[in-house]
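Trainee: the following block contains a protein sequence and its predicted model.
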Amino acid sequence: MTTVETKFKKSKIVCWGLLLTSGILYGSTFSWMKVAMANGANPLGSVYWFVLIASTILGLIICVTNKIKYIDPGFLKICFVWGLISVVIPNLLFFYSAQQLQASLIVIAIALVPILTLTGAILLQREKWTFGRALGISLGACAVALIFLPEVSLPSMGDTFYLLLIFAAAGCYALEHLFIETKIPQNSDLVSLLFLVFSSTTIILTPVVVLTGTFIIPSWPMGAMEISILTIALITLLDYFLITLLILWAGPVFASQAAYIVTVAGIIWGVLIFQDKHSAWIWLAILLLLIGLTLVQPRDVKGSKGQK
C-alpha cells in the first residue's frame with residue numbers, strides 16, 4: 001500500500017468523524033434557539049451575543065498560543081463577507097423563523113444545503129457529478145419529503161414567509177461552503193481566520209444593536225435565555241472550525257452532507273429536550289438519510305482544490 005493510499009484511508013476516518021461531530025452538535029442549536037426565544041431573547045441581540053462570545057474565545061486562544069503573527073489584515077474583507085453569509089444573515093433568519101415555525105421544520109430545511117452546494121460546485125467546476133453522489137443526495141431529498149409531507153400540514157399563508165426565510169438561510173450556508181472552497185487557501189491558519197470572521201461581525205453589529213435597542217443585558221445568575229445563547233455560541237464556534245477544516249480537506253459537497261446529520265440530530269435533540277414524539281415515517285427517513293450519506297465520499301486527498 002502506498003503512502004498516499006494510507007493517508008487517504010486515515011483521512012476518510014477523520015472526515016467522517018468531523019462530519020458526525022459537527023452535525024450532531026449543530027443539530028441541537030435550533031432547539032436552543034426555541035428556548036432562547038421563549039425566554040425573552042430577540043434575534044439580533046442573540047446573534048450579537050454569540051458572535052461576541054465566539055470572538056472573545058478566539059481572541060484568548062490567539063493570545064495564549066501566540067498566533068497573533070498569523071493574523072493577516074489582507075483577509076479582513078474576505079472574512080467580513082464570510083461572516084455575513086455564514087453567521088449574521090442565516091442565524092438572524094433562523095432566529096426570526098423560530099418565533100413562528102416548529103423547530104423540526106427549520107431543521108428539515110437545512111437538508112437543502114447539500115443540493116444547493118452540489119449545484120453550485122458543478123457550475124463552478126469544482127466537483128464532478130457522479131452517480132453515487134447523485135443517488136446519495138436524492139435519497140436525502142426523499143427522506144426530507146418523508147419527514148415533511150406526512151407529519152407537517154401545509155403552511156398557512158402567514159407561515160409561507162417564514163419558510164422562505166429558512167430556505168434563504170439554507171442558501172447562505174451553501175454559498176458559504178463554496179465561498180470557503182474558492183476564497184480561503186488550504187494552508188491558512190483557521191483560528192486566526194475565524195477570529196477575523198467573528199470579530200469583524202461583532203464590530204459591525206455593536207452600533208446596530210445599540211441604535212435599534214436590541215442589545216440584551218444578561219442576568220446573573222444566568223437564566224434559560226443566557227444559557228441558551230452561551231450554548232449556541234460555543235457550539236457554533238466549534239462547528240465553524242470543524243466545517244471549515246472539512247471543506248478545505250474533503251470539498252464543499254461532502255462537507256454539506258452535515259446538513260443531513262443536522263436534520264436527524266435536530267429531531268433527536270427535540271425528543272430529548274422537548275419530549276417530541278415521531279411516527280415510523282421519520283425513523284424511515286432517518287434510515288434513508290444514513291444510506292444516502294454512505295454514498296457521498298470525501299474528495300481524494302490527492303486532488304487539490306479545483307481539480308476534477
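Mentor: Sure, I can see it. All values reported here derive from a predicted model rather than from experimental measurement.
Trainee: mind telling me what element L93 is part of?
Mentor: Here L93 is covered by helix 89-98, with elements defined by DSSP states H and E.
Trainee: and L194, by the same measure?
Mentor: Here L194, judged by DSSP H and E, is contained in helix 190-212.
Trainee: kindly report the same for I78.
Mentor: Secondary structure from DSSP H and E places I78 in helix 76-83.
Trainee: from the contact counts, what lies against that helix?
Mentor: In terms of contacts (3 or more Cβ pairs under 8 Å, 6 or more residues apart in numbering; DSSP states H and E), helix 76-83 is packed against helix 157-183, helix 190-212. Where you see a C-beta, it was placed from the backbone N, CA and C, and this is true even at glycine.
Trainee: circling back to that earlier point, which residues does the following helix or strand past the helix holding L93 contact?
Mentor: Heading C-terminal from helix 89-98, the first helix or strand you meet, by DSSP H and E, is helix 103-109. Helix 103-109 is contacted from outside by 27, 30-31, 33-34, 94, 97-98, 144, 147-148, 151-152, 163, 166-167, 169-170, 262-263, 266-267, 270, 274, 276, using Cβ atoms under 8 Å, 6 or more residues apart in numbering.
Trainee: got the CA coordinates for the helix or strand just after helix 103-109 in CSV?
Mentor: Heading C-terminal from helix 103-109, the first helix or strand you meet, by DSSP H and E, is helix 112-123. Presented in CSV, the C-alpha positions along helix 112-123 are these (Å, rounded to 0.1, in the frame of the first residue of the first chain):
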residue,chain,number,x,y,z
LEU,A,112,-31.5,21.7,1.2
VAL,A,113,-27.9,22.7,1.7
PRO,A,114,-26.2,19.7,0.0
ILE,A,115,-28.4,20.0,-3.1
LEU,A,116,-27.7,23.7,-3.4
THR,A,117,-24.0,23.2,-2.7
LEU,A,118,-23.6,20.4,-5.3
THR,A,119,-25.4,22.5,-7.9
GLY,A,120,-23.1,25.5,-7.3
ALA,A,121,-19.9,23.3,-7.2
ILE,A,122,-20.8,21.8,-10.5
LEU,A,123,-21.5,25.2,-12.1
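Trainee: least confident of the helices and strands packed on helix 76-83, on average?
Mentor: Taking the mean pLDDT of each of the helices and strands packed on helix 76-83, the lowest value is held by helix 157-183, a mean of 79.
Trainee: now do the buried residues in that one.
Mentor: Buried residues in helix 157-183, counted by 16 or more other Cβ atoms under 10 Å: 159, 162-163, 165-166, 169-181.
Trainee: next: stretch 219-229.
Mentor: Residues 225-229 are the ones in stretch 219-229 that count as buried (16+ other Cβ under 10 Å).
Trainee: in strands, which of those residues appear?
Mentor: Using DSSP state E to define strands, no part of the buried residues of stretch 219-229 is located there.
Trainee: so what touches stretch 181-194?
Mentor: With Cβ under 8 Å, 6+ apart, stretch 181-194 has contacts from 54, 58, 61-62, 65, 67, 70-72, 75, 78-79, 82, 121, 124, 126, 237, 240-241, 244-245, 247-249, 251-252, 304-305.
Trainee: revised request: answer the last question for stretch 259-274.
Mentor: Contacts of stretch 259-274 from elsewhere in the structure, counted by Cβ under 8 Å, 6+ apart, are 19-20, 22-28, 30-31, 34-35, 103-104, 106-108, 110-114, 140, 143-144, 147, 170, 173, 276-278, 282, 286, 289-290, 292-293.
Trainee: got the contact list for V113?
Mentor: Shown in contact with V113 (Cβ under 8 Å, 6+ apart): 170, 173-174, 177, 256, 259.
Trainee: grab the nearest non-local neighbour of I68.
Mentor: Nearest in space to I68, with sequence neighbours left out and distances taken as Cβ to Cβ, 6 or more residues apart in numbering, is I62 at 5.8 Å.
Trainee: from T244, how far off is that neighbour?
Mentor: Distance check for I62 against T244: by Cβ to Cβ, to the nearest Å, it reads 16 Å.
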